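J.: This is a predicted model, with the sequence first.
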Number of protein chains: 2
Amino acid sequence: MTLSNSNPRLYVEGSLVLGGGLTLSPPQAHYLCHVMRLKAGDRVALFNGRDGEWSAVLENAGKKTCDVRVEHQFRDQTEDPGPWLAFAPVKKTRTDFIVEKATELGASRLCPVFTRHTNSARINSGRMAAHVIEAAEQCRRLSVPEIAQPQTLDELLADWPNDRRLFVLDESGAGRPIAEALAELRPGRECGFLSGPEGGFGPEELDALRKLEFVTNLDLGPRILRAETAALAALACWQAVVGNK
Amino acid sequence: MTLSNSNPRLYVEGSLVLGGGLTLSPPQAHYLCHVMRLKAGDRVALFNGRDGEWSAVLENAGKKTCDVRVEHQFRDQTEDPGPWLAFAPVKKTRTDFIVEKATELGASRLCPVFTRHTNSARINSGRMAAHVIEAAEQCRRLSVPEIAQPQTLDELLADWPNDRRLFVLDESGAGRPIAEALAELRPGRECGFLSGPEGGFGPEELDALRKLEFVTNLDLGPRILRAETAALAALACWQAVVGNK
């Protein structure tokens, strides 16, 4: 009944309870039975973001359907205190990259945001949802980041909870060093990051952000980082400085 | 004579001295004159990793050649204390990603290394060289990371300078928290990171690494990061914890 890292690991929507049966989705059945060549009696790991992680045994491995029986819980669900990431969408593969890496690095919510210099007018939410699930399966997270409805920067700031510090990745060099600012975050205090588009934030956007009580502008070092590099670097620093506390 | 961030910025091999003339390479001439549509009298920023950063004026903008005159130094060359990154090559686009992001995040030397589970048998050094130059131009670095000859892990360790701490990105969870280990690095002390392939290090590789005096194994958090994510997260933490000192 034990699973190894080589067992496939899938996100499901249904509840995971001892002895419960689940019918996997057709793409999941295809993946398990055709790509991975699993057979009845083989085991997979399942999680749904609510009930922890379970092993399940394949009861049948058909051409288009696959039923499993949930048999053993091996990790409890834990709280997910990961930061939010609000980001201006950039070019397609670089946005894919932000979404995949933010999931690996523990972001709990992804908020696409349109800023003044954002060039991408469309958000493919279905593509983002598929990528966060795939990344969560791969990195052994117990949860999948929530994907927020796209908003303008004004809407994002109007809705932002005042008790969640918003760290703005400020390429102007005027922000505070990231390690110092993160180290001052009180234990248990939640936060989020905001990364801009390829062309950066407008000066008037940075001015408006600086005036907000819940905002801290951050400096990520002397080089000009691409938008997706900045987002990822900030999340990696969060994990190193705050996440292990 | 002042340049803005919108002026093209190019890496050149020749020396940069006041009043000196340079003939740019045909691809650079094409980029400036056809893609960016610059004309004689327009300005570019140039760096070569030795002489700082200079503005130069286009003396002619031909179909296949472009001559410039170096006219004003606006940044001095500085020492580049960035960490080395030794990495097992992974799939093509993910290796491209490591190379681009490591350059942005300040690595001073990239060392491709073949470990037991490394699947990529070939290293395209020309492709890597082009990517580090493009990334250095874009992120406004004054230097381009050196690309080492590919080595086996044994060769890399035999050649590694004993006074440069080697931080191994250890996915087994047995390493030290990265922020803590980096904070103990003495000011001015140089270091490097070693990231494994998709399948991770072999247990015997991790055992051998742990026995070396100059090695510290690091833990990057509770999730299983992809190889390229781990490399980038480590470099981002270095910049945040060590790089701004």
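T.: Good, I have the coordinates.

J.: When you work out contacts or count neighbours from here on, use the C-alpha atoms and nothing else.
T.: Noted.

J.: Specify which residues of chain A, grouped into ranges, have pLDDT under the cut-off.
T.: A:1-3, A:5, A:244-245 (pLDDT under 70).

J.: Centre-most residue in it?
T.: When chain A is reduced to its mean C-alpha position, the closest residue under Cα atoms, centre = their mean turns out to be A:Thr103, at 3.0 Å.

J.: was I right about it contacting A:Val132?
T.: Yes. Assessed by Cα atoms under 8 Å, A:Thr103 is found in contact with A:Val132 at 6.0 Å.

J.: anything in contact with each of these two?
T.: Counting by Cα atoms under 8 Å, 6 or more residues apart in numbering or on different chains, the residues touching both A:Thr103 and A:Val132 are A:144-145.

J.: Now name the helix or strand holding the residue nearest to the centre of chain A.
T.: helix A:92-104 (DSSP states H and E).

J.: So which elements touch that helix?
T.: With contacts defined as 3 or more Cα pairs under 8 Å, 6 or more residues apart in numbering or on different chains; DSSP states H and E, helix A:92-104 has these neighbours: helix A:125-139, helix A:227-238.

J.: Now the first one: buried residues?
T.: Buried residues in helix A:125-139, counting neighbours by 16 or more other Cα atoms under 10 Å in any protein chain shown, are found at A:128, A:131-139.

J.: Ok, stretch A:48-64 next?
T.: A:48-61.

J.: Would you mind giving the residues you listed as CSV with distance to B:Pro197 and secondary structure added?
T.: As requested, the buried residues of stretch A:48-64 are arranged in CSV below (distance: Cα to Cα, whole Å; DSSP: H, G, I helix; E, B strand; the rest coil):
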residue, distance to B:Pro197, secondary structure
A:Asn48, 29, coil
A:Gly49, 29, coil
A:Arg50, 32, coil
A:Asp51, 32, coil
A:Gly52, 29, coil
A:Glu53, 26, strand
A:Trp54, 28, strand
A:Ser55, 27, strand
A:Ala56, 29, strand
A:Val57, 30, strand
A:Leu58, 31, strand
A:Glu59, 34, strand
A:Asn60, 34, strand
A:Ala61, 32, strand
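
J.: from these, which is closest to B:Glu71?
T.: Nearest to B:Glu71 among the buried residues of stretch A:48-64, counting by Cα to Cα, is A:Gly49 at 60.4 Å.

J.: can you give me the end-to-end distance of stretch A:99-119?
T.: 18 Å (Cα to Cα, to the nearest Å).

J.: mind listing what's buried in it?
T.: Result for stretch A:99-119 [16+ other Cα under 10 Å]: buried residues A:99-116, A:118.

J.: quick one, helices of chain A?
T.: Applying DSSP state H to chain A gives helices spanning A:26-30, A:92-104, A:125-139, A:153-159, A:178-183, A:203-210, A:227-238.

J.: Format the ones you listed as CSV; extra columns: distance to A:Gly20.
T.: Listed next are the helices of chain A as CSV, based on distance: least, Cα to Cα, whole Å:
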stretch, distance to A:Gly20
helix A:26-30, 18
helix A:92-104, 28
helix A:125-139, 21
helix A:153-159, 39
helix A:178-183, 43
helix A:203-210, 49
helix A:227-238, 37
